[in-house]
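Participant: how does the following fold in three dimensions:
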Amino acid sequence: MKTHLASPLFALSLLSLALMGCQSSPEKPSSVAPTLISAQPSWVLQPPTDTAAALYGVGSGKNRTDAIQNALADLTAKLGVKVNAQFTSQLTVKNRGFEWVKQDAQKTVSTQNETITLSQYDVVDTYQPLPTQVTVLVKTDRQRLAQDTQSSLQKAIASAPWQQTNWQTQGVITHYQLAEKTLSALPQYQRELSLLKTLTPQQDFNDLDAYPSLVEKTFLAAQAALSFEVVAKDKISQPYAERLKQHLASAQLLASPASARLEVSVSQTTDSAYEFKVVRANLQLNAYEKSGLQAGRQFQIKGQGLQESQAQNQALLRFEQQLQQTPLMELLGIKPVSQ
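Facilitator: The predicted structure is shown next:
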């Protein structure tokens, strides 16, 4: 009887040992860190040397577009544009308990002023160690860049408003607008001129150098020719007209006689709200030249106080604030001009 009982128990023990032997052994951590990136090109940290025919730039970003923009900023930094660029840093990756460091050439670019836009360039090579990290090498042809820059400068000179046939027939307000617009574009012209001088230092720049001075003189002449006299339509309009006179006088634009006339017309109501007096003024400002009405604009002004005089003073104060915060041509309701 004992023999029969021992036999099944022995068989069961053998089966248990067999099943334990079939179980997989615990996975041991690999002693070799996985490879995440391809070999880093030498140009990432040491870009090609610029030559008489080509200029190079390297830049990095989260995508290809950002990388190209940063590479162009790196390139234009060599051409007199104020760009400060530095290389950083390192990226730490962890996997299965192992840790290693990948060198990452990430370019951080900060600009202190607008950079020159390059319309032509070639992407020579691209290095993408991670999906969110792209580094590119760009190249631009010196001769093509010089030709494009020269063409842009000559176009600016040819399109100057005083070069156009209708310049003599335009009014003083339009002259001021066009001269001011041309003056605001002058920094871009000067950056491009600086670029061209770097690319072709032996060129004769007399005509190109003369243009900025001509722009400034034209603006000063247009500013001197523009003056206003202010006319109040009635007694109610007079306090507002006086505030406008003070504003124009501070900008040296008030004169009599003047090249342009501003007419102030105000309709005003006074209401009561609880213990307060509320003044609501509808102000119409029209600008005239010899040829007639040039522009007009309406102002809705509100003031309140315990007394009507206080409400009136607050309305005038708010009108003064609008005068100070609004550019002159916008203040007069004059639309921007195009050359």
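
Participant: work out for me the element Leu220 sits within.
Facilitator: Assigned by DSSP states H and E, Leu220 belongs to helix 206-225.

Participant: other residues contacting that helix?
Facilitator: Helix 206-225 is contacted from outside by 153, 156-157, 160-162, 172, 175-176, 178-180, 182-183, 186, 189-190, 193, 196, 259, using Cβ atoms under 8 Å, 6 or more residues apart in numbering. Using the backbone N, CA and C atoms, a C-beta is placed for each residue, glycine as well.

Participant: buried stuff in the helix or strand just after that helix?
Facilitator: Proceeding N to C from helix 206-225, the next assigned helix or strand is strand 228-232, under DSSP H and E. Buried residues in strand 228-232, counted by 16 or more other Cβ atoms under 10 Å: Phe228, Glu229, Val230, Ala232.

Participant: circling back to that earlier point, can you list the buried residues in the helix holding Leu220?
Facilitator: So, applying 16+ other Cβ under 10 Å, buried residues of helix 206-225: Leu208, Tyr211, Val215, Thr218, Phe219, Ala222, Gln223.

Participant: can you map out the helices along the stretch 201-339 of the chain?
Facilitator: 206-225, 238-250, 308-325, 328-331 (DSSP state H, counting those that start in this stretch).

Participant: what is the orientation angle of the strand or helix carrying Tyr176 with strand 228-232?
Facilitator: Element membership for Tyr176 (DSSP H and E) is helix 172-184. Here the directions of helix 172-184 and strand 228-232 differ by 130 degrees (axes from the mean of the first three to the mean of the last three Cα atoms, to 10 degrees).

Participant: check which residues of helix 172-184 are buried.
Facilitator: Buried residues in helix 172-184 (16+ other Cβ under 10 Å): Val172, Ile173, Thr174, His175, Tyr176, Gln177, Leu178, Ala179, Glu180, Thr182, Leu183.

Participant: what's the span of stretch 256-264 from first residue to last?
Facilitator: Stretch 256-264 has an end-to-end distance of 16 Å (criterion: Cα to Cα, to the nearest Å).

Participant: so where do the strands sit in this protein?
Facilitator: 54-61, 83-95, 98-111, 122-130, 133-141, 228-232, 260-273, 276-289, 292-305 (DSSP state E).

Participant: hmm, back to that, could the helices of the stretch 201-339 of the chain go into CSV alongside distance to Gln120?
Facilitator: CSV is the format used below for those (distance: least, Cβ to Cβ, whole Å):
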stretch, distance to Gln120
helix 206-225, 21
helix 238-250, 47
helix 308-325, 42
helix 328-331, 36
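
Participant: reformat those as CSV; add mean pLDDT and distance to Val279.
Facilitator: Formatted as CSV, those follow (pLDDT from 0 to 100; distance: least, Cβ to Cβ, whole Å):
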stretch, mean pLDDT, distance to Val279
helix 206-225, 95, 36
helix 238-250, 95, 11
helix 308-325, 95, 4
helix 328-331, 89, 21
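
Participant: closest one to Glu275 among those?
Facilitator: Nearest of the helices of the stretch 201-339 of the chain to Glu275, taken as Cβ to Cβ: helix 308-325 at 11.8 Å.

Participant: tell me the helices and strands packed up against that closest one.
Facilitator: helix 238-250, strand 276-289, strand 292-305 (3 or more Cβ pairs under 8 Å, 6 or more residues apart in numbering; DSSP states H and E).

Participant: let me have these in TSV, adding distance to Ser60 and mean neighbour count as columns.
Facilitator: Below are the helices and strands packed on helix 308-325 laid out as TSV (distance: least, Cβ to Cβ, whole Å; neighbours: other Cβ atoms under 10 Å):
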stretch	distance to Ser60	mean neighbour count
helix 238-250	50	17
strand 276-289	53	18
strand 292-305	49	15
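
Participant: over to Ser259: give its phi and psi.
Facilitator: Main-chain dihedrals, Ser259, degrees, to the nearest 10: phi -80, psi -10.

Participant: from Ala281, how far off is Asp325?
Facilitator: Just to correct that, residue 325 is Gln rather than Asp. Here Gln325 is placed at a distance of 18 Å from Ala281 (Cβ to Cβ, to the nearest Å).

Participant: ok, now Pro187?
Facilitator: 40 Å.

Participant: ok, now Gln322?
Facilitator: 12 Å.

Participant: intersection of neighbour lists for those two?
Facilitator: Shared contacts of Gln322 and Ala281, counting by Cβ under 8 Å, 6+ apart, come down to Phe299, Ile301.

Participant: output the below-cut-off pLDDT ranges for the stretch 51-200 of the chain.
Facilitator: Confidence mapping of the stretch 51-200 of the chain against pLDDT under 70 gives the ranges 80-117, 119.

Participant: what do you get if the cut-off is 80, keeping everything else the same?
Facilitator: 78-120 (pLDDT under 80).

Participant: so Met329 is in contact with Pro336, correct?
Facilitator: Yes - Met329 lies in contact with Pro336 (Cβ atoms under 8 Å); the separation is 7.4 Å.

Participant: for the two, list the residues in contact with both.
Facilitator: Gln177.

Participant: give me the more crowded residue out of these two.
Facilitator: Met329 (17 against 8; other Cβ atoms under 10 Å).
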